[in-house]
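J.: can't give you the sequence, but here's the structure:
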């Protein structure tokens with residue numbers, strides 16, 4: 001592993017899925033203690049993964065029809081708060 005990558009800090013990330021309709025809110029993956037997936041519209045209560053890599057790994061384990069992807073947690077939480 002290169003030295004540059006060894007010093008890169010991991011940023012917490014979430015798993016999300018695309019909205020299908022304009023009136024549909026964004027949804028985020030929430031894993032229960034048994035590992036079962038559910039979806040929530042609140043990024044604060046969604047499962048936080050240690051890094052984007054871990055979020056993408058979780059997204060890839062979901063059924064392909066969900067087309068889930070990783071997002072940085074801090075950004076999503078900040079955008080969800082009322083301004």
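T.: Yep, that arrived. Every value quoted in this text rests on a predicted model; they were computed, and no experiment measured them. Numbers count the residues shown, from 1 in each chain.
J.: what segments of this protein are helices?
T.: Remark: helices assigned in the chain by DSSP state H are 3-6, 52-61, 73-80.
J.: so which of those is the most packed in?
T.: Highest mean neighbour count of those: helix 52-61, a mean of 16 (counted as mean count of other CB atoms under 10 Å). The C-beta positions use only the backbone N, C-alpha and C, and glycine is treated the same way.
J.: who's in contact with that one?
T.: 10-11, 13-15, 29, 31, 47, 49, 68-72 (CB atoms under 8 Å, 6 or more residues apart in numbering).
J.: buried only: go through these for me.
T.: 13, 14, 15, 29, 47, 49, 68, 69, 70, 71 (16 or more other CB atoms under 10 Å).
J.: quick one, which of the helices of the chain is nearest to residue 37?
T.: Of all the helices of the chain, it is helix 52-61 that lies closest to residue 37, at 8.8 Å by CB to CB.
J.: how many residues are close by residue 41?
T.: Residue 41 is flanked by 12 other residues according to other CB atoms under 10 Å.
J.: actually, residue 28.
T.: Residues lying near residue 28 (other CB under 10 Å) number 25.
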